[in-house]
Every structure is written in C-alpha cells, then in structure tokens.
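Undergrad: Build me a model:
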Amino acid sequence: MKSNTYIYNTEKIKHIVMKKFAFLIILCLVATLPSYAGINVSEAASNPMVRGGVGVGTIIAIMASWTRNKSVLWAILHAFFGWFYVIYYVITR
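TA: Numbers count the residues shown, from 1 in each chain. Reported below is the predicted structural model:
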C-alpha cells in the first residue's frame with residue numbers, strides 16, 4: 001500500500017509542476033505580446049523595446065534549458081542561442 005501512495009504522490013507532484021510550467025510559458029508569451037503589437041516593420045528597427053527586448057525564442061529556450069538542466073548558467077547560455085536551442089531540444093527530447 002505504501003508504494004501505491006508513493007506513485008500517486010509523485011504523479012500528483014508531476015501534474016502540479018507541469019501546470020506551473022505551462023502557466024509560466026503562457027505568462028512569458030503574454031508578457032512579450034505588447035512589444036510586437038501595432039508596430040510596422042519600418043518602425044521596429046527604431047523602437048528600443050523591440051530592438052533590446054527578449055524574444056519568444058529566448059524565453060522558450062530558457063524554460064526548456066531549465067527543465068532539462070536546472071542550472072541558471074546553462075539557461076543563460078541557451079538564451080543566447082534562442083530558437084536554435086529550442087529546435088535542438090525538440091529533436092533530442
């Protein structure tokens with residue numbers, strides 16, 4: 001009976017962690033939307049928010065790196081690679 005309780009608890013914990021992970025991804029995506037809304041292509045180069053902002057690929061790369069490595073240093077490194085790391089993560093997962 002102890003093992004069934006343990007399996008139930010680990011599954012429950014995994015479910016909670018995945019819900020938090022999904023919430024963080026949605027929150028990050030929603031946070032980046034205002035920087036892209038209503039900006040023409042010609043205005044994007046002169047807008048400092050878009051030019052110096054964090055992209056969606058960077059956020060996804062950080063989240064994927066954190067779930068795999070649990071290391072801030074690796075997350076920062078993978079943030080520089082952005083979409084390249086996201087594609088690598090999907091292929092090797």
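Undergrad: Mind listing what's buried along stretch 72-86?
TA: By neighbour count on 16 or more other C-beta atoms under 10 Å, the buried set for stretch 72-86 is 75, 78-79, 82, 85-86. Backbone N, C-alpha and C define where each C-beta goes, glycine included.
Undergrad: Go through these and flag which are in helices.
TA: 75, 78-79, 85-86 (DSSP state H).
Undergrad: Make CSV out of the buried residues of stretch 72-86 and add distance to residue 23.
TA: Formatted as CSV, the buried residues of stretch 72-86 follow (distance: C-beta to C-beta, whole Å):
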residue, distance to residue 23
75, 18
78, 21
79, 20
82, 22
85, 22
86, 19
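Undergrad: any idea of the mean pLDDT for stretch 27-42?
TA: In this model, stretch 27-42 has a mean pLDDT of 61.
Undergrad: One more: stretch 15-23?
TA: In this model, stretch 15-23 carries a mean pLDDT of 77.
Undergrad: May I have it as PDB, with CA atoms only?
TA: Provided in PDB are the C-alpha atoms of stretch 15-23 (Å, rounded to 0.1, in the frame of the first residue of the first chain):
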ATOM      1  CA  HIS A  15       0.900  17.200 -12.600                       C
ATOM      2  CA  ILE A  16       1.300  20.300 -10.400                       C
ATOM      3  CA  VAL A  17       4.800  21.000 -11.800                       C
ATOM      4  CA  MET A  18       3.600  20.700 -15.400                       C
ATOM      5  CA  LYS A  19       0.700  23.100 -14.700                       C
ATOM      6  CA  LYS A  20       3.100  25.600 -13.300                       C
ATOM      7  CA  PHE A  21       5.400  25.200 -16.300                       C
ATOM      8  CA  ALA A  22       2.500  25.700 -18.700                       C
ATOM      9  CA  PHE A  23       1.500  28.800 -16.700                       C
END
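Undergrad: Next, format the buried residues of stretch 72-86 as CSV and append distance to residue 57 and pLDDT.
TA: Formatted as CSV, the buried residues of stretch 72-86 follow (distance: C-beta to C-beta, whole Å; pLDDT from 0 to 100):
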residue, distance to residue 57, pLDDT
75, 14, 89
78, 10, 89
79, 9, 88
82, 4, 87
85, 8, 89
86, 6, 87
